[in-house]
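In: return a 3D structure for these sequence lines:
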Amino acid sequence: MRDFLRLCLDPGLGRKKRSVTQLALIMPDWLATPLTEHAPHLAELRDAVDRAEAAATEARAAYTEGLWAWIADETTVRKGCG
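Out: Reported below is the predicted structural model:
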């Protein structure tokens, strides 16, 4: 598993290298799942990342809705005043 991941980081002559951060971002589930057999602590860390990303998505949606509500109210006030 480690050798394969090293190869993913540095695929060889003429091919673009990746950082560990890039690898973590693009690693598919079919690879991440067997990885947890070799490194169970990484499963907990990946779950924490997934929960944080879900929370960030929810926060972005709430912010977007709040921004839209504020813009809509602001537009209404300006039309009424002008």
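In: what's the least confident helix or strand in the chain by mean pLDDT packed up against?
Out: Ranking every helix and strand in the chain by mean pLDDT, DSSP states H and E puts helix 40-81 at the bottom, with a mean of 85. Applying 3 or more CB pairs under 8 Å, 6 or more residues apart in numbering; DSSP states H and E, one finds that helix 40-81 contacts helix 29-38. Every C-beta, even on glycine, is put in place using the N, C-alpha and C of the backbone.
In: show me what the helix it packs on is packed up against.
Out: Applying 3+ CB pairs under 8 Å, 6+ apart, one finds that helix 29-38 contacts helix 40-81.
In: how far off centre is the helix it packs on?
Out: For helix 40-81, the separation from the chain centroid amounts to 14 Å (computed by CA atoms, centre = their mean, to the nearest Å).
In: re earlier: the least confident helix or strand of the chain vs helix 29-38, what angle?
Out: Angle of helix 40-81 versus helix 29-38, following axes from the mean of the first three to the mean of the last three CA atoms, to 10 degrees, is 140 degrees.
In: and for M27, the neighbour number?
Out: M27: 14 surrounding residues under other CB atoms under 10 Å.
In: can you read off the backbone torsions of it?
Out: phi -60, psi 120 (degrees, to the nearest 10).
In: which residues touch it?
Out: Contacts for M27 were tallied using CB atoms under 8 Å, 6 or more residues apart in numbering; they are L35.
In: got a pLDDT number for it?
Out: Looking at M27, its pLDDT is 91.
In: distance of it relative to E58?
Out: Using CB to CB, to the nearest Å, one gets 23 Å for the distance from M27 to E58.
In: pull up the gap between R15 and D3, please.
Out: Separation of R15 from D3 (CB to CB): 16 Å.
In: and P40, by the same measure?
Out: The gap separating P40 from D3 is 20 Å, by CB to CB.
In: same question, A24
Out: A24 sits 18 Å away from D3, going by CB to CB.
In: who's more crowded, those two?
Out: More crowded of A24 and D3, by other CB under 10 Å: A24, with 14 against 7.
In: tell me the secondary structure for K17?
Out: coil (DSSP: H, G, I helix; E, B strand; the rest coil).
In: all set, thanks.
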